[in-house]
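[1] Give me a model of this one.
(one chain, ligands or ions: 1)
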Amino acid sequence: MPVRITPSILNADFANLQAEIERIPSADLLHIDVMDNHFVPNLTIGLPVVESLLKVTDKPLDLHLMIEDPDRWAPAYAEAGASSVSFHVEAAKAPVRLARELRAQGARASLGLKPATPIEPYLDLLGEFDMVLIMTVEPGFGGQKFLDIMLPKIRRTREAIKTRGADLWIQVDGGVSESTIDQCIEAGADTFVAGSAVFSADDPDAMVRTLRDRAVNFGRCC
Ligand SMILES: O=C(CO)[C@H](O)[C@H](O)COP(=O)(O)O
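    Numbering: from 1, shown residues only. Model (predicted):
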């Protein structure tokens, strides 16, 4: 199973984002956390910064919208050139319509779930999406402890994808590090967001490679 490491810039130096991104050439995608201080109790960046980032990197941008009213705002990120757009099912009014709109714009559509939100009500909608983002911390802040009680949800999502013969990535977001990535891949995740683990490392790019090697090797052996 191919694995992808998507460093979150939430823990990067926001005054020097271009330089921060250039420190992680091994990243598969760049994970951009958009927070509106309504859906989550934190405020980060929005469309103008994303548009600026798109001008200074060739890496695919993996947008994670932790905002109210994604039905209104998500298409603007796809239009700007985001490679994937995750929106939260807890906030979307018409998730299927929005996923179709994002796909029609050429972006991968991704369904985000907070820790307390079960996957079961959405299993029949999986064909409308390219990725499921399973939060393994309460959304809002980097540097939190990985919630291992989310592992069964990852497992059930992988089983449902297999049963349906669907082709979706499963992204885990929150507390992913050298000590938690094995559990995530064992449960069936293939796409890993890592913020503080990468940006607090002395060598962020080496950490990206370490995380990928761990995931690849664990996937091979176990
Ligand atoms: O979505 C997020 C928080 O809401 C972040 O992407 C996530 O927490 C990454 O940071 P860390 O790896 O430090 O947990």
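
[2] Output the set of residues of the protein in proximity to the ligand.
    Proximity of the chain to the ligand, by C-beta under 6 Å from any ligand atom, involves residues 8, 10-11, 31, 33, 64, 137, 139-144, 173-176, 193-197. C-beta: built from backbone N, CA, C; applies to glycine.

[3] Recalculate using a threshold of 8 Å.
    Residues of the chain lying near the ligand by C-beta under 8 Å from any ligand atom: 8, 10-11, 31, 33, 35, 40, 42, 64, 66, 135-144, 146, 173-177, 193-198.

[4] Mind checking which of these land in strands?
    31, 33, 35, 64, 66, 135, 173, 193-194 (DSSP state E).

[5] how about JSON lines for those residues, with pLDDT added?
    Shown next, in JSON lines, are those (pLDDT from 0 to 100):
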{"residue": "31", "pLDDT": "98"}
{"residue": "33", "pLDDT": "98"}
{"residue": "35", "pLDDT": "98"}
{"residue": "64", "pLDDT": "98"}
{"residue": "66", "pLDDT": "98"}
{"residue": "135", "pLDDT": "98"}
{"residue": "173", "pLDDT": "98"}
{"residue": "193", "pLDDT": "98"}
{"residue": "194", "pLDDT": "98"}
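
[6] quick check, residue 182 in a helix?
    Yes - residue state for residue 182 (DSSP: H, G, I helix; E, B strand; the rest coil) corresponds to a helix.

[7] Excluding covalently adjacent residues, which one is nearest to it?
    residue 218 (4.8 Å; C-beta to C-beta, 6 or more residues apart in numbering).

[8] Just confirm the one you found contacts residue 185, I think it does.
    Yes - between residue 218 and residue 185 there is a contact at 5.1 Å, judged by C-beta atoms under 8 Å.

[9] which of the two has more neighbours?
    Legend: neighbour count by other C-beta atoms under 10 Å for residue 218 and residue 185, higher for residue 185 (22 against 16).

[10] Quick one: neighbours of residue 151, just the number.
    Other residues close to residue 151 by other C-beta under 10 Å number 20.

[11] what do you get for residue 183?
    Neighbourhood size, residue 183 [other C-beta under 10 Å]: 18.

[12] what's the answer for residue 99, then?
    Using other C-beta under 10 Å, residue 99 is surrounded by 24 other residues.

[13] Please give me every residue in contact with it.
    Residues near residue 99 by C-beta atoms under 8 Å, 6 or more residues apart in numbering: 109, 111, 125, 128-129.

[14] Next, the buried residues of stretch 51-59.
    53-54, 59 (16 or more other C-beta atoms under 10 Å).
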